[in-house]
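J.: model the following, please.
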Amino acid sequence: MKKYVLFLLIISINTAFSQKTNNLGFFAGGSYYLGELNQNKQFYKLQPSLGLSFRHNYNPRWATRVNLYGGNLAANDLDSKNLYQTQRAFSFNTMFIDLAGQMELNFLPYRLGEKKTPFTPYTAVGLGGAYLTNSIKPIQITIPISLGIKFNITEKIGLGLEWSFRKTFTDYIDNISNYKTIEPSSDIENKYSYKQIGYYHHADWYSFVGVFVNWKAFNGKSNCKAYIY
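T.: Numbers count the residues shown, from 1 in each chain. Prediction:
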């Protein structure tokens, strides 16, 4: 009985290993911010961003990945048509580094380079952190949420599009928070003089949108066809 159990265990481990592959990726696109200076406009003031990723594929549906992105975030009240924002006239600009680990789910069976799995939409969620160079609180925890689609191009190269969001737990990406007010003006009537500047209960977000290239790398044994799907 023990020999039978050991045999099944060895077969299971070998099967799992044979299905696993690894991909390296390169991302290029834009990053933008959502907060007091931009409350709901997607793709506002896109700034350049670049990134690298490593993906470990367990099977055609599930993978884990690590992303290292860098870029810039910026916003300016004067871009808004809202009278209160133009009178507040705040702005910010910060560079950042973003590190995240995510669990990725393919909606369709997918293996990079295989004709039977040419593309798939996918989603990913995880945990990460960010360093923002010009923030009052530069180090922040994030929750990364991603949506995208990826395609096979060659046996070892894939191409994709991704839109991802970073939920933060800070209201200081833009350095605007707390219940402060605009200083009253003596030479112009300003009905917004005593309105609060920031809303610290509303945490800031930032996002990435762009294209990526994946390369099949560091693969072990070839896949066992009986277990691909």
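
J.: next secondary structure after the helix or strand bottoming out on mean pLDDT in the chain?
T.: In the chain, the helix or strand scored least confidently by mean pLDDT, DSSP states H and E is helix 2-19, which has a mean of 42. If you walk from helix 2-19 toward the C-terminus, the next helix or strand you reach (DSSP states H and E) is strand 21-34.

J.: rounded mean pLDDT for that next one, please.
T.: Average pLDDT, strand 21-34: 94.

J.: so what strands line up beside that strand?
T.: Each strand paired with strand 21-34, and its direction, by DSSP bridges: strand 47-57 (antiparallel), strand 205-217 (antiparallel).

J.: to residue 78, which of those strands lies closest?
T.: With C-beta to C-beta, the closest approach to residue 78 among the strands paired with strand 21-34 belongs to strand 47-57: 17.1 Å. Yep, even glycine has a C-beta here, placed from its N, CA and C like the rest.

J.: check which helices and strands the helix or strand following the closest one is in contact with.
T.: Following strand 47-57 in sequence order, the next helix or strand is strand 62-76 (DSSP H and E). Packing partners of strand 62-76 (3 or more C-beta pairs under 8 Å, 6 or more residues apart in numbering; DSSP states H and E): strand 21-34, strand 47-57, strand 91-106, strand 119-132, strand 205-217.

J.: and the most centrally placed residue in the chain, which of the three is it?
T.: Nearest to the mean C-alpha position of the chain, counting by C-alpha atoms, centre = their mean, stands residue 164 at 4.0 Å. At residue 164, secondary structure determined by DSSP: H, G, I helix; E, B strand; the rest coil is strand.

J.: nearest residue to it in space, please, no chain neighbours.
T.: Excluding its sequence neighbours, the residue lying closest to residue 164 (C-beta to C-beta, 6 or more residues apart in numbering) is residue 146, at 3.8 Å.

J.: what is the burial count for the one you found?
T.: If you count neighbours by other C-beta atoms under 10 Å, residue 146 ends up with 21.

J.: element containing it?
T.: Secondary structure from DSSP H and E places residue 146 in strand 139-152.

J.: which neighbouring elements make contact with that strand?
T.: With 3+ C-beta pairs under 8 Å, 6+ apart as the test, strand 139-152 has strand 91-106, strand 119-132, strand 157-168 packed against it.

J.: I'd like the average pLDDT over that strand.
T.: Across strand 139-152, pLDDT averages out at 96.

J.: given it, what are its sheet partners and their directions?
T.: When DSSP bridges is applied, strand 139-152 pairs with strand 119-132 (antiparallel), strand 157-168 (antiparallel).

J.: can you give me the buried ones in the shortest one?
T.: Meaning strand 157-168. 158, 160, 162-166, 168 (16 or more other C-beta atoms under 10 Å).
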